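[1] here's my sequence, what's the structure:
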Amino acid sequence: MPRRKKNPSYRLHKPRNLGFVELFVAEKGRTHRYYFPGHYGSAKSKALYHQVLAELQLLEYGEIPNCLKKPEEREGITVGRLVHLYIEKVAKVYYRTPTGELSGGFAQVDVTLRDWATTFGELKVETFTPRLLKDYREDLIQRELARTTIAYKVRIIVTACRWGVEEELVDESIWRSLQSVRPLRAGRSLAKETEPIAPVDWDDVKAVLPYLTSVLRTMVLVQWYTAARPGEICTVKMREIDREAETWLYRPEHHKTLHHGKSRVIPFGPKVRNLIRRFLRPNPDAYLFSPEESEKERRAAAHAKRKTPINWGNKPGTVKTSDRTRAPGEFFTTQSYGRAIKRACKKAKSEGWTPNQLRHSAATRIRREFGIEQARAVLGHSSAFTTEIYAEVDRTVDSQVMEKIG
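    Below is the predicted model of the structure:
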């Protein structure tokens, strides 16, 4: 089947002074003229033409835009079709890592919307009412998903509908009605509640450090001192570190709030500078923390502990795979960083903790020693309200006050 090479032109039919386009109609097997209401060049005529162009971007060649069909022939978009378009046109573009690969955020959106489409795929979006959204939410509760997870999934669905409104695929009233569904309240629903992320004690961190390679150990310590996000630690590049002043400044090119137009600066103090000095590289595009270097160190350590004589069995370097499916990448991902810590915690027989808890620990220390405003600045938050989530209140102050007045 021939493909559309370019957008159809806005043309003039002189005898009637009307604008029109010619489109190939797959059902008829030929081109067909569609005339626009209003005289040629009028706002009404041009508006419909631009709507045609917008719909054509979302249709297969030979399909007719909904706005050109007769009212009785027009079909509302289905949930399945909306999900497909949103994933292809938005999610696969928006959720990208610095290297252009799909990020973990895409997987969450993809799974959520495809699950929604599995249940309501054949249903017209215009008939997806708040009652159906609440029924779907009840189904998620029955699957024993956490309340916060359910709230996130509902937001993704409502966001997809909002995009449908932007593209004139969904009536605005549908999106507005879905927004009327009140979120589940903590302790006021049957949804499972989860514990908030708590800071990790230094003793628990210290117990795990010997079971990490020097690369991973440095990453943990840098995060402990700087309160940086795991993703910011994983992707440090040499050119992102400004070493001109006494206090080095790390300015990540990609960070969580970049799409909000905000900058991020992470100062590196003397402890951090001493830790990372051995990993500095001449190539400005090189990543500071290399998974390949970490893996070499891990293999060397395993070889040093080898009990089998060197002249028995395999020797180092003799067993090589030409097409390794999990070869070390250029940089750590937040997933690989978290898995490495999880394995080290298991070896240390220590209570497990995650990279995010390091950020919470640093935030709590900074708040205790310097105050909430300084903690907000270090964490890169615009509001102290967000910092409250990360930095726990020092309850010893409350106790000291009550010992005096109570």
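
[2] the strand or helix carrying Trp175 - contacts with which helices or strands?
    Per DSSP states H and E, Trp175 falls inside helix 172-179. With contacts taken as 3 or more CB pairs under 8 Å, 6 or more residues apart in numbering; DSSP states H and E, helix 172-179 sits against helix 130-142, helix 147-166. To be clear about C-beta, it is placed using only N, CA and C from the backbone, and glycine gets the same treatment.

[3] how about a cut-off of 6 Å?
    Helix 172-179 is packed against helix 147-166, with contacts defined by 3 or more CB pairs under 6 Å, 6 or more residues apart in numbering; DSSP states H and E.

[4] Leu216: neighbour count?
    A count of neighbours around Leu216, defined by other CB atoms under 10 Å, yields 23.

[5] relative to Phe289, how far out is the closest residue to it other than its chain neighbours?
    Nearest non-adjacent residue to Leu216, counting by CB to CB, 6 or more residues apart in numbering: Ala340, 5.3 Å away. Distance, Ala340 to Phe289, using CB to CB, to the nearest Å: 11 Å.

[6] do the same with Ser361
    According to CB to CB, Ser361 stands 20 Å off from Phe289.

[7] with neighbour numbers in mind, choose between these two.
    Ser361 (24 against 20).

[8] I figured that one was touching Pro199, is that so?
    Yes - look at Ser361 against Pro199 with CB atoms under 6 Å: they come within range, at 3.9 Å.

[9] go through this protein and flag its longest strand.
    For the chain, the strand that runs over the most residues, judged by DSSP state E, is strand 30-39.

[10] shaky segments in the chain?
    1-5, 71-74, 98-99, 257-261, 313, 315-326, 382-406 (pLDDT under 70).

[11] would you map the strands across it?
    Under DSSP E, the chain gives strands at 11-13, 18-25, 30-39, 241-242, 248-250, 266-268.

[12] quick one, which of those gets closest to Arg81.
    Proximity to Arg81 (CB to CB) singles out strand 18-25 among the strands of the chain, at 19.5 Å.

[13] next one: that closest one to chain centre, how far?
    Its chain's C-alpha centre and that of strand 18-25 lie 41 Å apart, by CA atoms, centre = their mean, to the nearest Å.

[14] before we move on, what about stretch 105-116?
    That offset, for stretch 105-116, works out to 11 Å (CA atoms, centre = their mean).

[15] give me the buried positions along it.
    In terms of neighbour count (16 or more other CB atoms under 10 Å), stretch 105-116 has its buried residues at Phe106, Gln108, Val109, Asp110, Thr112, Leu113, Asp115, Trp116.

[16] what of stretch 156-168?
    Quick answer for stretch 156-168 (16+ other CB under 10 Å): Ile156, Ile157, Ala160, Cys161, Arg162, Trp163, Gly164, Glu167.

[17] residue contacts, the first one?
    For Ile156, the set of contacting residues under the criterion of CB atoms under 6 Å, 6 or more residues apart in numbering consists of Val109, Thr112.

[18] next one: the fifth one
    Neighbour list for Arg162: Trp175 [criterion: CB under 6 Å, 6+ apart].

[19] repeat that for the fourth one.
    By CB under 6 Å, 6+ apart, the contact list for Cys161 reads Val170, Trp175, Leu178.

[20] which of the residues you listed sits closest to Pro65?
    Val170 (15.0 Å).

[21] the nearest residue to that closest one once chain neighbours are set aside and His84, how far apart?
    Distances taken as CB to CB, 6+ apart place Gly164 nearest to Val170, at 3.3 Å, with adjacent residues excluded. For Gly164, the distance to His84 equals 12 Å [CB to CB].
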